[in-house]
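[1] structure here, sequence nowhere to be found:
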C-alpha cells in the first residue's frame, strides 16, 4: 500500500468483530522476530480526527489446557491497530477510545507493534487497554531497532499490563538513532506483574519508563504524568533500569538525546530478589565514549511526590546525573515558567507544565492538575504528624486511602494523625478517568509548632492557615507569619 492514501470519513464502531488481528499484522512464525516481516502497512492513513471504538485484538493462542502458546505455535508478535508499519508509512489524526483493547505476545503498541521501515505517527491518541505477554510494549508503539519511528503530538491515557519487561508509556524499545518522540504525553498506567502462570517465568525484569523503556534516539518537549507500578515475585533475581521518563537512555546508536521533558508520575517497584537502577526520572544513563552523544539536559521531575529519591539512579559517565533535575511540586505548578521549558510548555497556576501542542486537551489537563501540596521540607516519604496536605483545587480531586489508620481525608485535605506513630499507607488521587497513587510514610515527629493543645475536652484535630488579610494559605513556608485556626 505504499503511496496509497486512506482516510476515515466518520467514527468506526467495531463492536461484534471478533477476529480482527490488526492491519498488516503477523509475522511468519517459522522465522525469528528480527527477520523480514511477512505483513506490514506502508500507506498513509489519516483518521481526520475520528475515533475507533470497541476494537478488540487478541493475538494469543492457547493449547487445550489453556496454556499460552509461543509464536511458533500460533500467538502473534507485532500487535496493534497496525501490526507493523513499513517504509514511508504515515498514521495521523486518530483516536482509539477506552473501549478498545489490544493483546499480543510481544511487540505490542496502540498504533503499531513494530516497524519494517521508517514511519511517522502524528496526532494519535490512545486510551486503550494494552496487554503484553512478553517483551516490548508501548502505549503508541512497541519495538524497533533497525528503523526509526517519529512520534509527535500524541498521547497515551490507557493501561498497559505486561507480564515481562521493556515497557514504555509512548514507546517500548525506541532503538534507532534517528527515532524521535516530540510533544507527547503519557497519562496512562503501566503495570508489570506475572499475571499468567502458564508462561515460563523470567528471572529478570528490566527497562520500564514513562515515555520509553529504552531511548537511543531523541525525546523532547514531552511529559509523563502516568504511574509505573511493578510488583514481581522474589524469584525475579533483579529488577533494573526503571524511570519516570525512560528506563535506559543510551548513545549506543550515536544519539541518546533527551531535552526539555517533565515527569510527575509515581515510580513504585516492589519484589524481586534485588532492585537496581530505579530512579524517579531515569534508571540507567549509559554513555559510550567512542560514540557521539546527543543533547542531554533540562529533564525535570517532581521529587516531593515520588517514592524514588534519586532522579538518575545510575550513570557510567560524569555528566549524566545532573541532566535530570529534581524540583518541588510548588516550583512546577506555581505558573511561573522554568526558563529552559518555556518555549515548549504551557505554565498555568495549579497545573504541571503541559506540552504546548497538547495543553488544551481535557485528558492532559486532568493529568496535569492531579497533585497535592506537601508542606515545605517534607516529601511523601516523611510526612510529619499532625500536618495537612491540601489537594490541588484547579479541578475536583477525589482522594482515597488503602488503610486509613494513620491518615484521614476531609475537605480536599489529607491529614496525618497526631498520635506520634509511624507507618505507611497509599493515597490515590482521582480526576475523572485519570488517577495517580502515592505511597505515603508518616513520621512520628510533630509537624505543628507553637499551637496550644492542652485542652483535653477540645483538642486540636485540624489546622488551617490564614494571612493577615484573611486569605487562606495552603502551605506557609517556614518563617512566614500566619494565623493558625
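    Looks like it came in fine. Please read these numbers as outputs of a predicted model, since none were measured by experiment.

[2] any stretches of the stretch 51-200 of the chain with poor pLDDT?
    By pLDDT under 70, the stretch 51-200 of the chain contains no weakly predicted segment.

[3] for the strand ranked longest in the chain, name the packing helices and strands.
    As assigned by DSSP state E, the longest strand anywhere in the chain is strand 434-446. If you count contacts as 3 or more Cβ pairs under 8 Å, 6 or more residues apart in numbering; DSSP states H and E, strand 434-446 packs onto helix 362-368, strand 383-385, strand 423-431. From N, CA and C alone the C-beta is placed, and that goes for glycine too.

[4] enumerate the positions of the last one that are buried.
    Put plainly, it is strand 423-431. By 16 or more other Cβ atoms under 10 Å, the buried positions in strand 423-431 come out as 425-427, 429-431.

[5] all helices of the stretch 201-350 of the chain, in order?
    For the stretch 201-350 of the chain, the helices defined by DSSP state H, counting those that start in this stretch cover 329-333.

[6] show me the shaky parts of it.
    In the stretch 201-350 of the chain, residues with pLDDT under 70: 319-321.

[7] mind running it again at 50?
    Judged against pLDDT under 50, the stretch 201-350 of the chain has no low-scoring part.

[8] ok so, going back, for the longest strand of the chain, which strands pair with it and how are they oriented?
    Strand pairing for strand 434-446, determined by DSSP bridges: strand 383-385 (parallel), strand 423-431 (antiparallel).

[9] what's the closest non-adjacent residue to residue 103?
    residue 131 (4.3 Å; Cβ to Cβ, 6 or more residues apart in numbering).

[10] ok so, going back, can you put the buried residues of strand 423-431 in JSON lines and add pLDDT and distance to residue 165?
    Shown next, in JSON lines, are the buried residues of strand 423-431 (pLDDT from 0 to 100; distance: Cβ to Cβ, whole Å):
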{"residue": "425", "pLDDT": "98", "distance to residue 165": "28"}
{"residue": "426", "pLDDT": "98", "distance to residue 165": "23"}
{"residue": "427", "pLDDT": "98", "distance to residue 165": "27"}
{"residue": "429", "pLDDT": "98", "distance to residue 165": "27"}
{"residue": "430", "pLDDT": "98", "distance to residue 165": "28"}
{"residue": "431", "pLDDT": "98", "distance to residue 165": "29"}
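
[11] out of the residues you listed, which is nearest to residue 252?
    Checking the buried residues of strand 423-431 against residue 252 by Cβ to Cβ gives residue 426 as the nearest, at 37.1 Å.

[12] ok, now which ones touch the closest one?
    Residues near residue 426 by Cβ atoms under 8 Å, 6 or more residues apart in numbering: 401-403, 437-440.

[13] which of those residues sits closest to residue 145?
    residue 437 (32.9 Å).

[14] thinking again about what came up before, and the contacts of residue 426, which are buried?
    Applying a neighbour-count criterion of 16+ other Cβ under 10 Å, the buried members of those are 401, 437-440.

[15] and residue 127, which of the strands paired with strand 434-446 is closest to it?
    For residue 127, the closest of the strands paired with strand 434-446 is strand 423-431, at 14.8 Å, according to Cβ to Cβ.

[16] roughly how far is that closest one from the heart of the chain?
    How far strand 423-431 lies from its chain's middle: 17 Å, per Cα atoms, centre = their mean, to the nearest Å.

[17] kindly report the same for stretch 200-220.
    With Cα atoms, centre = their mean as the basis, stretch 200-220 stands 12 Å off its chain's centre.

[18] swap in stretch 92-105?
    17 Å.

[19] distance of residue 106 from residue 283?
    Relative to residue 283, residue 106 is positioned 21 Å away (Cβ to Cβ, to the nearest Å).

[20] comparing those two, which shows the higher neighbour count?
    For residue 106 and residue 283, the more surrounded residue by other Cβ atoms under 10 Å is residue 283, and the numbers stand at 32 against 28.

[21] so residue 301 touches residue 324, yeah?
    Yes - using Cβ atoms under 8 Å, residue 301 makes contact with residue 324 at a distance of 6.6 Å.

[22] now do the shared contacts for these two.
    245, 281, 311.

[23] out of those residues, which one sits closest to residue 207?
    Nearest to residue 207 among the shared contacts of residue 301 and residue 324, counting by Cβ to Cβ, is residue 245 at 12.4 Å.

[24] how many residues are close by the closest one?
    For residue 245, the neighbour count with other Cβ under 10 Å is 34.

[25] OK, contacts around the closest residue to residue 223 other than its chain neighbours?
    Once flanking residues are discounted, residue 223 sits nearest to residue 262: 4.6 Å by Cβ to Cβ, 6+ apart. Residue 262 makes contacts with 222-224, 299-301, 332, 341, 345, 352-353, as judged by Cβ under 8 Å, 6+ apart.

[26] quick one: residue 262 from residue 370, how far?
    The spacing between residue 262 and residue 370, counted by Cβ to Cβ, is 14 Å.

[27] and for residue 430?
    Applying Cβ to Cβ, the value for residue 430 to residue 370 is 8 Å.

[28] need the overlap of contacts for these two.
    residue 397.

[29] and the nearest residue to residue 156 once chain neighbours are set aside, how many neighbours?
    Here the nearest residue to residue 156 in space, its sequence neighbours aside, is residue 139; by Cβ to Cβ, 6+ apart that works out to 2.7 Å. Residues contacting residue 139 under the criterion other Cβ under 10 Å number 37.

[30] so residue 139 sits right up against residue 151, yeah?
    No - using Cβ under 8 Å, residue 139 makes no contact with residue 151, being 10.0 Å away.

[31] that older thread, quick one: mean pLDDT for the longest strand of the chain?
    For strand 434-446, mean pLDDT rounds to 94.

[32] how far off centre is that strand?
    Centre-to-centre, strand 434-446 and its host chain are 19 Å apart (Cα atoms, centre = their mean).

[33] give the contact list for residue 86.
    By Cβ under 8 Å, 6+ apart, the neighbours of residue 86 are 2, 24, 37, 40-42, 115-117, 119.

[34] which residues does it bridge with?
    For residue 86, the beta-bridge partners are residue 116 (DSSP bridges).

[35] measure it to residue 296 for me?
    From residue 86 to residue 296 the distance is 32 Å (Cβ to Cβ).

[36] now do residue 372
    To residue 296, residue 372 is 31 Å away according to Cβ to Cβ.
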